[in-house]
Each structure stands twice: as C-alpha cells, then as structure tokens.
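Visitor: could you look at this predicted model? Sequence included:
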Amino acid sequence: MAKSPMRVVVTGAAGQISYSLLALIARGDVFGRDQPVDLVMLDLPFAKDALEGVVMELQDCAFPSLKSVTATCDQTEAFTDIDVAVLVGAFPRKPGMERNDMLAKNAEIFKAQGALLNTVAKKTVKVLVVGNPANTNCLIAQKYAPTIPKENFSALTRLDQNRATAQIAAKAGVTSDKVSQITIWGNHSATQYPDAWHGKVNKDGAEVAASAAVNDDAWLKSDFITTVQKRGAAVLAARKLSSAMSAAKAIGDHLHDWIVGSEGRWVSMAITSDGNKYGVPEGLIYSFPVTCEAGVWTVVNGLEISEFSREKLTVTAEELSGEAKYAAEFLEKASA
Ligand SMILES: NC(=O)C1=CN([C@@H]2O[C@H](COP(=O)(O)OP(=O)(O)OC[C@H]3O[C@@H](n4cnc5c(N)ncnc54)[C@H](O)[C@@H]3O)[C@@H](O)[C@H]2O)C=CC1
Ligand SMILES: O=C(O)CCC(=O)C(=O)O
C-alpha cells in the first residue's frame with residue numbers, strides 16, 4: 001500500500017545549507033524513495049524571490065517522491081500539521097561575535113518557533129535544530145512547546161560525528177564505512193568531546209578497536225579531538241562561508257537514522273539529558289550515543305568512561321549549563 005505523504009518543513013530554506021539539503025529530501029535519500037513528501041520551505045520576506053527560484057529548480061528536478069512544494073514567509077502556514085521540522089534558519093556568526101551574542105540574536109527565533117509548533121504542528125512532530133547555537137536553540141524551542149514530547153526535539157551533532165569518523169578512517173587507512181561507534185558528547189561547539197575509545201574499525205575483514213587500528217593514543221587524546229572541535233572554523237576560514245554541503249549530508253543522515261531507523265548502528269544526537277546514566281545534569285540538550293528505531297532514540301548506556309573522558313564530558317556540560325542560564329535570563333529580560 002502506498003505511504004501517506006510526510007509533511008516536512010525546512011526553515012532558512014533560501015540559505016546555503018538548504019540549497020544542498022532540499023534536493024536530498026526531495027530525491028528520497030532521507031525518508032526513502034517510496035515515501036511521498038510535501039515539502040514546505042520557510043524563509044524571511046527579503047528572501048522571497050530566492051525561495052521562488054528554489055521552487056522552480058525543485059520542480060525541474062522532476063523527483064518522483066516530491067508530492068508538493070510550498071514556499072512561504074508565513075511561519076503559521078509553514079508549521080501547520082507538520083510531521084518533521086528542520087530548523088536551519090538563524091543568524092550565522094559574524095566575525096567578532098561572541099557565542100552569547102549569537103545566542104541573544106537567535107533565542108527569540110527559537111522561542112517563537114517552539115511556541116508556534118506547540119499550537120499548529122502535529123503532536124508527533126519531530127524537530128531537528130541546526131541553527132547555532134544548536135543545542136541551546138533546541139532547548140528554547142522545546143521549552144516553549146510543552147505539549148510536544150521532549151524526546152521529539154534534537155539538535156545536530158551528526159556533522160561532528162561524520163567529521164570524527166572521517167579522521168579515524170584516514171588515520172587507519174580505511175574508508176569511512178569501515179568505522180563505527182564514534183561518539184560526540186555534549187555541545188556542538190569547541191567544547192564537544194569526540195570520543196573514539198569505544199570505536200571499531202573493520203580492517204581487512206576483521207573488526208578491531210579504533211584505538212588499535214589507529215595505534216596512536218597520543219593523537220587520539222589531542223590532535224584528533226581539536227581537529228574535530230575546530231573543523232567548522234577551519235572550513236569557514238578557507239571558504240569564507242560555513243560548512244554547507246557536509247552540514248546538509250549530516251542533516252540527512254540524522255533524519256534518516258532517527259525516523260527510518262539506525263539498524264543497530266550508534267549515532268550521535270543532541271537530545272534531552274533527562275534520565276541519562278552518565279551523570280550529565282538534567283535539563284540540557286546534550287549529545288549522546290544513541291540507537292534509533294522508527295522515530296524513537298535510546299541512549300547507549302553502560303559505556304566505561306575513563307577519568308580523561310569524564311573530565312571532557314563535564315567541561316561541555318558546564319558550557320551548556322551556562323548557555324541555558326544565559327538564554328533563560330535573556331528571554332526573561334526580553335519579556336519583562
Ligand atoms: N549544527 C551544525 O552542525 C551546523 C549549524 N550551522 C548553522 O546553520 C545555520 C544556517 O546556516 P547557513 O545555511 O549556512 O546560513 P545562511 O545564512 O546561508 O542561511 C540562513 C537562512 O535562514 C534565514 N532565516 C533567518 N532567520 C530566519 C527565521 N526566523 N525564519 C526563517 N528563516 C530565517 C535567512 O534569511 C537565510 O536565508 C547557521 O546558524 C549556522 O551557524 C551550520 C553548519 C553546521
Ligand atoms: O561555527 C559556526 O558558527 C558555523 C558552522 C558550524 O557550526 C560548523 O561547521 O560546525
């Protein structure tokens with residue numbers, strides 16, 4: 001029997017990440033070629049013409065599973081009856097901007113969009129926040145959408161996971177598909193902890209620990225971590241634009257694995273820390289290793305956390321607690 005169409009909204013649809021992402025979704029690479037999609041694209045009024053151009057291009061691709069395309073600058077229209085919301089639209093960081101400046105600029109967007117999802121989206125909506133600072137923007141959207149289950153909100157750390165996986169693959173001399181169980185803990189920021197200590201590499205047909213395949217513990221404890229932490233900044237410095245193609249690929253991976261299923265593979269998602277077994281404070285959107293089945297994620301529990309790793313899990317949790325506090329104070333002041 002044919003599947004019912006899935007209504008998917010992408011915000012910031014006229015921006016650079018969306019230009020790569022929309023085709024992945026429309027082609028069926030994310031939700032499956034047999035899953036019809038009603039695609040809704042939201043951006044600000046100044047980007048209306050650009051949005052219309054993207055609509056024409058999507059039509060011209062003649063994707064069989066793309067049932068309809070709507071371009072709008074009206075948030076209520078965009079979020080009504082939505083099944084999946086991909087919140088990309090935000091003000092990107094400009095030179096000289098501190099993290100808190102970016103937080104202050106974007107907090108109002110995610111407050112308004114959370115509140116709107118709460119009233120007009122399906123209660124089963126799955127929300128992925130990409131716009132930075134992604135974890136805390138996600139926390140804000142979740143807070144203002146109290147009738148949607150907390151588990152339905154996530155933020156993107158899959159780009160970091162993919163970056164870390166590619167680094168391990170290159171060092172071990174294998175392709176990325178031979179590397180598994182690489183985890184990103186915490187914030188999508190320079191305090192994130194890319195952790196390869198539970199990783200596996202399939203080398204010449206045999207599965208070995210990533211640390212054995214890499215055979216360089218000093219690198220795993222230093223350059224590997226900082227390269228991944230600073231990869232976004234390195235791309236920005238080289239391209240004079242932030243990562244877009246790789247961000248779109250990671251969004252597709254995240255949505256596919258969450259909604260269709262990860263088939264037992266571990267993936268990293270920033271999700272609510274409530275009830276976690278790793279001592280991360282509750283009430284944060286923190287990246288953990290998870291497995292997913294049909295829209296439900298489950299944290300991979302019981303991993304051994306060394307003293308070295310524990311310290312790193314704590315540093316990124318502290319940063320997220322600070323951001324959550326700053327955002328709460330900012331939003332309180334703004335509404336006073
Ligand atoms: N979590 C992650 O791994 C990554 C996150 N990012 C973040 O993704 C965001 C988007 O990046 P790009 O596409 O490169 O930026 P961009 O500047 O090319 O596009 C952003 C788009 O969002 C729109 N927009 C702004 N406010 C909006 C609102 N309230 N509603 C609807 N649309 C709105 C803008 O008009 C623009 O078209 C940035 O915040 C960036 O920092 C980027 C890379 C990786
Ligand atoms: O670093 C930024 O502000 C934007 C880009 C980003 O988040 C990334 O490439 O990981």
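Guide: Cool, the structure landed. Ligands and ions are numbered 1, 2, ... in the order given.
Visitor: going by C-alpha atoms from here, please, whenever you check contacts or count neighbours.
Guide: Will do.
Visitor: what residues does this protein put near ligand 2?
Guide: Neighbours of ligand 2 within the chain, by Cα under 6 Å from any ligand atom: 93, 232-233, 242-243.
Visitor: now, which of these lie close to ligand 1?
Guide: Restricting these to those touching ligand 1 (Cα under 6 Å from any ligand atom) yields 242-243.
Visitor: ligand 2: which of the residues of the chain next to ligand 2 is nearest?
Guide: Gly232 (3.2 Å; Cα to the nearest ligand atom).
Visitor: which residues does that closest one contact?
Guide: 242-243 (Cα atoms under 8 Å, 6 or more residues apart in numbering).
Visitor: out of the residues of the chain next to ligand 2, which are inside helices?
Guide: If you go by DSSP state H, these have 232-233 in helices.
Visitor: among the residues of the chain next to ligand 2, which pair sits farthest apart?
Guide: Spatial extent of the residues of the chain next to ligand 2 (Cα to Cα) is set by the pair Arg93 and Ser243 at 12.4 Å.
Visitor: need the residues of the stretch 201-336 of the chain near ligand 1, please.
Guide: Contact residues (Cα under 6 Å from any ligand atom) of the stretch 201-336 of the chain with ligand 1: 242-244, 247.
Visitor: got CSV for these, with distance to Pro289, neighbour count and pLDDT too?
Guide: Shown next, in CSV, are these (distance: Cα to Cα, whole Å; neighbours: other Cα atoms under 10 Å; pLDDT from 0 to 100):
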residue, distance to Pro289, neighbour count, pLDDT
Ser242, 25, 19, 90
Ser243, 23, 18, 95
Ala244, 24, 17, 97
Ala247, 19, 24, 98
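Visitor: and which of those is nearest to Ser262?
Guide: Of all those, Ala247 has the smallest distance to Ser262: 18.8 Å, by Cα to Cα.
Visitor: shouldn't that closest one be within a strand?
Guide: No: if the criterion is DSSP: H, G, I helix; E, B strand; the rest coil, then Ala247 is helix and not within a strand.
Visitor: that one touches Gln16, doesn't it?
Guide: No: taking Cα atoms under 8 Å as the definition, Ala247 is not a contact partner of Gln16, at 9.8 Å.
Visitor: picking that back up, put together a markdown table for the residues of the stretch 201-336 of the chain next to ligand 1, with distance to Gly264 on each row.
Guide: What follows is those, written out as a markdown table (distance: Cα to Cα, whole Å):
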| residue | distance to Gly264 |
| --- | --- |
| Ser242 | 32 |
| Ser243 | 28 |
| Ala244 | 28 |
| Ala247 | 23 |
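Visitor: of the residues of the chain next to ligand 2, closest to Gln161?
Guide: Minimum separation from Gln161 among those (Cα to Cα) is found for Gly232, which lies at 12.5 Å.
Visitor: for the top helix by length along the chain, what is the average pLDDT?
Guide: The helix that spans the most residues within the chain, counting by DSSP H, is helix 307-335. On average, the pLDDT along helix 307-335 is 94.
Visitor: nothing else from me, thank you.
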